[in-house]
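Q: Generate a structure from the sequence data that follows.
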Amino acid sequence: MNIDQLNYKLLKHNFPCYRVRLQSPYTVSFDLKSVDDLIYNDLVKKFGGEIGLSQCYPNDCFHEYNEEAKGIWNSNSNFVFNTFYKANFQKGFWEVEYLVRYMVQVPPEMTTKINGG
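A: Presented below is the predicted three-dimensional model:
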């Protein structure tokens, strides 16, 4: 749906990253736990590599500024480090928002066509 550049703040440190928002194929009739499992499996097993993601960390992974976090952050691999879900009742589908280290590359077949184009 969209990608924004931002800074993730951790204590007094700023980490450049991107917010990626995607619409899932799952309707809002699914409960959050089911959607979480389905979307995670889609990301990890199906299309994560296609958009340049190599790892998906849990939301609490980067809550401390330590050597491990700095090492992961300064690596060349792209990864998810925060995940948020939104039930969009107007559109009828669940949306997922990821904070990722680097810009992702969304293949044309994964984008929706605007205005019937």
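Q: Strands along the chain, start to end?
A: With DSSP state E, the ranges of strands along the chain come out as 2-10, 13-27, 55-56, 79-88, 93-100.
Q: what residue lies at the spatial centre of the protein?
A: The structure's the chain has its C-alpha centroid closest to Y98; by Cα atoms, centre = their mean the separation is 2.2 Å.
Q: does it really touch Y85, like I thought?
A: No. At 10.5 Å, Y98 does not count as touching Y85 under the criterion of Cβ atoms under 8 Å. From N, CA and C alone the C-beta is placed, and that goes for glycine too.
Q: follow-up on the earlier one: and D36, which of the strands of the chain is closest to it?
A: With distances scored as Cβ to Cβ, the stretch of the strands of the chain nearest to D36 is strand 79-88 (6.8 Å).
Q: Of all the residues in the closest one, which ones are buried?
A: Of all the residues in strand 79-88, those buried under the rule 16 or more other Cβ atoms under 10 Å are 79-83, 87.
Q: In this protein, where is pLDDT below threshold?
A: 110-117 (pLDDT under 70).
Q: elements contacting the longest helix along the chain?
A: Once the chain is assigned using DSSP state H, the helix that runs over the most residues is helix 32-41. The contact analysis (3 or more Cβ pairs under 8 Å, 6 or more residues apart in numbering; DSSP states H and E) places helix 32-41 against strand 13-27, strand 79-88, strand 93-100.
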